[in-house]
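**Student:** Here is my input; please provide its structure:
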Amino acid sequence: KIEPVTYPIWDAAWQGIQRVGDMVGFTFSVPVMIARGLIPADVARPVGPVGILQVTSQAATETVTTGWWFPLLYTAAALSVGLGVANVLPIPGLDGGRWLFVIIEAIRRRRISPQREGTIHMVGVVVLLMLVLVISYYDVTSPLPSIDWGIK
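**Tutor:** Purely as a prediction, here's the structure:
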């Protein structure tokens with residue numbers, strides 16, 4: 001059983017920053033752990049809007065049931081970190097894709113045609129949308145298991 005602990009505001013803020021750093025590091029280490037066979041790939045599968053709704057509703061239900069805000073706040077933090085990390089990946093259509101173009105232009109010392117860049121970003125967005133549809137299909141056909149928050 002997990003019991004709530006109260007910290008002074010500055011200690012709590014520092015621990016929050018550390019947990020965000022831990023989440024970012026964990027996000028980048030998951031593919032390595034899958035490749036090494038430390039965790040099964042199906043456990044680390046990506047979730048789309050349907051999976052996010054499932055997890056968030058479980059966290060909200062747990063928060064209402066227990067009166068403890070941890071499940072909902074932790075879920076919000078994990079989703080924010082995950083979306084933030086995904087957004088900086090060098091994939092066309094995302095911020096990281098734009099940064100990649102800026103780096104390429106700096107190395108080449110000349111601008112890539114805006115039409116060509118726009119086309120590449122459009123293709124990237126279409127691929128991402130198709131990926132969201134595929135992931136959402138798996139979220140519907142194979143729902144995520146319930147989360148045991150350990151606070152009952």
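**Student:** P4 - how many residues pack around it?
**Tutor:** A count of neighbours around P4, defined by other C-beta atoms under 10 Å, yields 10. Quick note: C-beta positions are derived from backbone N, CA and C, even for glycine.
**Student:** Ok, P8 next?
**Tutor:** As a burial measure, P8 scores 8 neighbours (other C-beta under 10 Å).
**Student:** Likewise for V81?
**Tutor:** 18.
**Student:** okay, and for the protein, where does confidence drop off?
**Tutor:** Across the chain, the ranges flagged by pLDDT under 70 are 1-2, 152.
**Student:** please redo it, this time with the cut-off set to 90
**Tutor:** Filtered on pLDDT under 90, the chain yields the residue ranges 1-6, 41-46, 66-70, 142-152.
**Student:** chain center to stretch 85-104, what's the gap?
**Tutor:** Its chain's C-alpha centre and that of stretch 85-104 lie 16 Å apart, by C-alpha atoms, centre = their mean, to the nearest Å.
**Student:** Buried residues, that stretch. List them.
**Tutor:** 91-94, 97, 100-101 (16 or more other C-beta atoms under 10 Å).
**Student:** Of these, just say which sits nearest to F70.
**Tutor:** Closest to F70 out of the buried residues of stretch 85-104 is L94 (30.2 Å), distances taken as C-beta to C-beta.
**Student:** Could you list which residues are in contact with the nearest residue to the closest one once chain neighbours are set aside?
**Tutor:** Using C-beta to C-beta, 6 or more residues apart in numbering and skipping the chain neighbours, the partner closest in space to L94 is N87 (5.2 Å). Contacts for N87 (C-beta atoms under 8 Å, 6 or more residues apart in numbering) come out as 94-96.
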